[in-house]
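In: What follows is a protein structure lacking sequence information:
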């Protein structure tokens, strides 16, 4: 095939995926939107009735809301890993996933950002978190990890949005040629008059490198900050120096799994098998395996630290995790995050798309459980035996959790039909080489 | 009147570009439209390195120092003495300042990019020159390029 034909084919395929959806798409969208609406209703119920409808109690004051917050921030991380870190390392397989991963990042951060507000109870008071001159004459406490979180998450959202948008400008310019009517005008406006002159490409290329260079330390810092929400306290099971690297690795692990969960059905529905190939998945599986090993190593170190610390509270919490009320969840987490990913050492399984899809679902579950285990078990068995207790999520918390998945998938499905899901200009450039 | 040359491949496009510059056509009189970034075109047209790095550096430094100054101001404006911690807790403040370095650095870089590449270009939003999947060289005629250089001087 001549290059010109190849270029045209890429445009046709990628932009063609944005045309009229099939029934399966509408069904998926309807189910997600329904879950999203259910979550919103549950949240509204909680706002009107009060935080009593949530299962959080004394001593377990942080429950699934904070679990979900950490989970979604984690999901957001592989977006930046794939688009920024792999870009700086010149790993070409990123072009199959980078746009999808970037969209996933933006949507996951939006979802995550809701959880502190949901957890807040009186959500209308959220602006207390922001430092601005006010009648209360108070400023926020910059020594508090929760304020670091406000800055980290909002910076992450802004930079991911910029990265997502900038990467898309040349493709929006391609889209404006292929569509008519209102979509033509929307893409025309969003592409800002981009033409692809040498001058534009010159600055564009620089900007992309700088943003990638910014995003790389950002991705490390954001999840470190999230981990310090825990590690800065003195709660046994949280107060540990390993938390930051352990959380960052876990975030990339879960995010990579989510990229698989999303792209495997998507490439089939949108007929993009030609561009997202088995080779690409094999490379992604290697990233998954690598991060799984780091996470497993962190688990071991964490347990050994507790065992050797001589700190009775620390040791008790870890024993409790393994043998106490939540032991089933702990061992299920170990199965999903430690044992199952080891199967990826087998090449045949790394190249088996169906297997990867199922594995990614298990990893998603495992990583959610990891956050649940860290948060709930530590609080359930703190220093004073008198205040020990357990926690079970209430129906409202479960509905809001399902709703957040609904929100994530709804936005993602809309993205997959409204914006180009692959980087056209990058695939063309690679095709040329 | 300007002349337009269209090519299907990058190689043919680069050859023509090379030939034009060796024939004495000034790089300022040449506009190229390409579907992706062609590094070699920059070498042939002898473009200067992008000035974007100054925006990025300025934004990042401004983000760091301004946020740090702001935190110090808030600490002195209403001292929050909690947990026996020092009023100026440098390690804690560095975390917020670090995030602001990236935040402001990223935003200023984006604005710098828009400024340097003259985007959004209102005229081109409505009437963009499309290259599709092709490589296009537009050579401005002498009068055009004269006008162009005058505009640039302004």
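Out: Cool, the structure landed. Not measured: the values here are computed from a predicted model.

In: So for stretch B:79-94, what gets flagged as buried?
Out: For stretch B:79-94, burial by neighbour count (16 or more other Cβ atoms under 10 Å in any protein chain shown) applies to B:80, B:92, B:93. Heads up, the C-betas are built off the backbone N, CA and C, glycines and all.

In: okay, how far is it across it, tip to tip?
Out: One end of stretch B:79-94 sits 18 Å from the other (Cα to Cα, to the nearest Å).

In: try stretch B:123-139
Out: 20 Å.

In: and the least confident of the buried residues of stretch B:79-94?
Out: Ranked by pLDDT, the buried residues of stretch B:79-94 bottom out at residue B:80, which has 83.

In: nearest residue to that residue other than its sequence neighbours?
Out: Take residue B:80 and drop its neighbours on the chain: the residue closest to it by Cβ to Cβ, 6 or more residues apart in numbering or on different chains is residue A:141, 5.4 Å away.

In: Need the buried residues of stretch B:79-94 in JSON lines (columns: secondary structure).
Out: Shown next, in JSON lines, are those (DSSP: H, G, I helix; E, B strand; the rest coil):
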{"residue": "B:80", "secondary structure": "coil"}
{"residue": "B:92", "secondary structure": "helix"}
{"residue": "B:93", "secondary structure": "helix"}
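
In: and the gap between residue B:18 and residue B:72?
Out: Distance, residue B:18 to residue B:72, by Cβ to Cβ, to the nearest Å: 56 Å.

In: Residue A:7 and residue A:430 touch, don't they?
Out: No - counting by Cβ atoms under 8 Å, residue A:7 does not reach residue A:430; the two are 11.5 Å apart.

In: Surely the residue nearest to residue B:80 and residue B:82 touch.
Out: Yes - if you go by Cβ under 8 Å, residue A:141 and residue B:82 touch, sitting 6.8 Å apart.

In: Give me the distance between residue A:212 and residue B:136.
Out: With Cβ to Cβ as the criterion, residue A:212 and residue B:136 are 29 Å apart.

In: Grab the nearest non-local neighbour of residue B:63.
Out: In space, residue B:63 is closest to residue B:104, 2.9 Å off (Cβ to Cβ, 6+ apart).

In: out of residue A:212 and residue B:136, which sits in the busier spot?
Out: residue B:136 (21 against 18; other Cβ atoms under 10 Å in any protein chain shown).

In: what's that one in contact with, if anything?
Out: Residues in contact with residue B:136, defined by Cβ atoms under 8 Å, 6 or more residues apart in numbering or on different chains, are B:4, B:5, B:6, B:7, B:32, B:33, B:34, B:129.

In: Report the two of the residues you listed separated the most.
Out: For the contacts of residue B:136, the farthest-apart pair by Cβ to Cβ is B:7 and B:129; their separation is 15.4 Å.

In: Please say which of those two ends up with more neighbours.
Out: Between residue B:7 and residue B:129, counting by other Cβ under 10 Å, residue B:7 is the more crowded of the two (18 against 14).

In: bridging residues for that one?
Out: Taking DSSP bridges, one finds residue B:135 as the beta-bridge partners of residue B:7.

In: Quickly list what the nearest residue in space to residue B:30 that is not next to it in sequence is bridged to.
Out: Counting by Cβ to Cβ, 6+ apart, residue B:139 is the residue found nearest to residue B:30 once chain neighbours are left out, at 5.9 Å. On DSSP bridges, the residues paired with residue B:139 through beta bridges are residue B:3, residue B:30.

In: Distance of residue A:98 relative to chain B?
Out: 15 Å (Cβ to the nearest Cβ, to the nearest Å).

In: what about the residue nearest to residue B:63, helix or strand, and which?
Out: Element membership for residue B:104, per DSSP states H and E: helix B:90-116.

In: Tell me the helices and strands packed up against that helix.
Out: Contacts defined by 3 or more Cβ pairs under 8 Å, 6 or more residues apart in numbering or on different chains; DSSP states H and E place helix B:90-116 against helix A:145-178, helix A:198-231, helix B:52-77.

In: and the closest residue to residue A:51 other than its chain neighbours, what does it touch?
Out: Spatially, and ignoring its direct neighbours in sequence, residue A:51 is nearest to residue A:121 (4.3 Å; Cβ to Cβ, 6+ apart). Applying Cβ under 8 Å, 6+ apart to residue A:121 gives the contacts A:46, A:50, A:51.

In: Name all residues that make contact with residue 31.
Out: Chain wasn't specified; assuming chain A. Taking Cβ under 8 Å, 6+ apart, we find residue A:31 in contact with residue A:406.

In: other chain: chain B
Out: A:197, A:198, B:137, B:138, B:140.

In: I figured the last one hits residue B:4, correct?
Out: No - shown here, residue B:140 and residue B:4 do not form a contact pair, counting by Cβ under 8 Å, at 10.5 Å.

In: Can you add neighbour count and distance to residue A:73 and give the contacts of residue B:31 back as JSON lines?
Out: Output for these, formatted as JSON lines (neighbours: other Cβ atoms under 10 Å in any protein chain shown; distance: Cβ to Cβ, whole Å):
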{"residue": "A:197", "neighbour count": "21", "distance to residue A:73": "39"}
{"residue": "A:198", "neighbour count": "21", "distance to residue A:73": "39"}
{"residue": "B:137", "neighbour count": "22", "distance to residue A:73": "47"}
{"residue": "B:138", "neighbour count": "17", "distance to residue A:73": "47"}
{"residue": "B:140", "neighbour count": "20", "distance to residue A:73": "51"}
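
In: quick one: which two of those are the most distant?
Out: A:198 and B:140 (13.9 Å).

In: Residue A:36 and residue A:402 touch, don't they?
Out: No - look at residue A:36 against residue A:402 with Cβ under 8 Å: they stay out of range, at 9.1 Å.

In: Give me the more crowded residue out of these two.
Out: Taking neighbours as other Cβ under 10 Å, residue A:36 and residue A:402 compare with residue A:36 leading, 20 against 16.

In: Could you find the closest non-adjacent residue to that one?
Out: Leaving aside its chain neighbours, residue A:36 sits nearest to residue A:406 (3.5 Å; criterion: Cβ to Cβ, 6+ apart).

In: now chain B, which segments are flagged as low pLDDT?
Out: By pLDDT under 70, the weakly predicted segments of chain B are B:1, B:142-154.
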